[in-house]
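S.K.: Fold the following, please.
(2 chains)
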There are 2 protein chains.
Amino acid sequence: MEKINLAEKYAQFSDHWNPRIIASLNGQEVRIAKIKGDFVWHHHEHEDELFWVQKGVLNIEFRDKTVTLHPGEMIVVPRGIEHRPVAPEEVELLLFEPSSTVNTGDESPNDFTKSDIERI
Amino acid sequence: MEKINLAEKYAQFSDHWNPRIIASLNGQEVRIAKIKGDFVWHHHEHEDELFWVQKGVLNIEFRDKTVTLHPGEMIVVPRGIEHRPVAPEEVELLLFEPSSTVNTGDESPNDFTKSDIERI
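M.R.: Numbering: from 1, shown residues only, chains lettered A, B, ... in the order given. Modelled structure (predicted):
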């Protein structure tokens, strides 16, 4: 039962689109990632997903609109909703989601898919 | 499906020890609160609880140690573990926990207990 310092966790890695688990509770996980560029369109059949920007500017594209998140802003993407994160410059992102959540959703695995997420 | 700006949410209230719900997902809630002073000793039988300090300095007292959280630091208090938040000066706190979580835990309701949490 130790405290978790977010800046120290982000300092431990530099690769993009490779989330790390920093906390687990109630079947959910707090994950962090550094991202840059365009992700793939996907959805999660059974998981709602919270995106919270810690640094940088993130566009979450939906089929009918785009929501732009700055630091201190978050959004909940409900299960079933197609979305695509796009980060023109590097973003430090934090996610709250069930531990079952696959980053690329329920589509077939692709080059972005991370099935064995490291805990830091 | 709108974005949530944390600073705007904190600006909507000023009372202490009265959490607000700012997001719901997967049976969990993101709650925020302003707190100052000593809370009561309590535990949650069935819920793990994440405390994340956004502003100020928070001591989480346990029976055998105290953990001090600064902005950007969080801790997961596992179910069953007695704890007491103490904020010498005002703290802006964010919590991630199941929607079933009562702020004062499974002890008898007291003056701090908030059973009907406002959504903002």
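
S.K.: Check the gap between the residue of chain A most remote from its centre and chain B for me.
M.R.: Residue farthest from the centre of chain A, counting by Cα atoms, centre = their mean, is A:Met1 at 24.3 Å. Separation of A:Met1 from chain B (Cβ to the nearest Cβ, to the nearest Å) stands at 7 Å. Bear in mind the C-beta positions are built from the backbone N, C-alpha and C, glycine included.

S.K.: so what's that residue up against?
M.R.: Shown in contact with A:Met1 (Cβ atoms under 8 Å, 6 or more residues apart in numbering or on different chains): B:62, B:67, B:75-78, B:81.

S.K.: repeat for A:Val57
M.R.: A:68-70, A:87-89, A:91.

S.K.: Run me through the strand neighbours of the top strand by length along chain A, direction for each.
M.R.: Using DSSP state E, we find that the single longest strand of chain A is strand A:84-98. Taking DSSP bridges as the criterion, strand A:84-98 sits next to strand A:28-38 (antiparallel), strand A:49-55 (antiparallel), strand A:58-61 (antiparallel) in its sheet.

S.K.: Beyond it, next helix or strand please.
M.R.: strand A:118-119 (DSSP states H and E).

S.K.: and that following strand with chain B, contact?
M.R.: No. Strand A:118-119 is not in contact with chain B by Cβ under 8 Å from any Cβ of the partner chain; minimum separation 12.8 Å.

S.K.: Report the distance from that strand to the chain centre.
M.R.: Taking Cα atoms, centre = their mean, to the nearest Å, the mean C-alpha location of strand A:118-119 is offset from the chain mean by 14 Å.

S.K.: What about the closest residue to A:Ala33 other than its chain neighbours, how many residues nearby?
M.R.: Of all residues not flanking A:Ala33 in the chain, A:Pro19 sits nearest, at 4.1 Å (Cβ to Cβ, 6 or more residues apart in numbering or on different chains). Other residues lying near A:Pro19 total 21 when counted by other Cβ atoms under 10 Å in any protein chain shown.
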